[in-house]
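Undergrad: Task: produce atomic coordinates for the following.
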Amino acid sequence: VREEEFTPSTFNDPKLTATAVDYIQQAIGKENVHAIPAVMGGEDFGRFGNVTPKIPSFIFWLGAVDPTVYADAKKEGKSLPSLHSPFFAPLPKPTIATGITSMSNIAIHLLQE
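TA: Predicted coordinates:
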């Protein structure tokens, strides 16, 4: 490991984020889109927006857990397994469908601009 190696912070461009959130809400319903507080975790995706000239970037988290499991964990005050946990168990079909629907709607609209 060299000292100059690092994972840069990931920064969501505010304008692109607002636009993308609007398109996601149009695609899957406003009630299914939730804002979360900023986190300081490292993500290699941050490298895409860390170039010259600056390219706006936006990363979002896609809910993937069974709604019943989520409700039970919330009720019991338990944490759910994170994305990189061996216990992470998404529901494949609705997760993939939601991701495709959301990302496709963003792309279709942004490519028309």
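
Undergrad: Now do the buried residues in the helix or strand of the chain with the lowest mean pLDDT.
TA: None of the helices or strands of the chain scores lower by mean pLDDT, DSSP states H and E than helix 67-76, at a mean of 94. Residues of helix 67-76 classed as buried by neighbour count (16 or more other C-beta atoms under 10 Å): none. (C-beta placed from N, C-alpha, C; glycine too.)

Undergrad: Which elements pack onto it?
TA: Applying 3 or more C-beta pairs under 8 Å, 6 or more residues apart in numbering; DSSP states H and E, we find helix 67-76 packed against no helix or strand.

Undergrad: Run through who's touching it.
TA: G63, K78, S79, L80, A89 (C-beta atoms under 8 Å, 6 or more residues apart in numbering).

Undergrad: The last one: helix or strand, and which one exactly?
TA: Secondary-structure assignment from DSSP states H and E places A89 in no helical or strand segment.

Undergrad: Hmm, L83 and it touching each other?
TA: No - applying C-beta atoms under 8 Å, one finds A89 not in contact with L83, separated by 11.2 Å.

Undergrad: Between these two, point out the one with more neighbours.
TA: A89 (13 against 9; other C-beta atoms under 10 Å).
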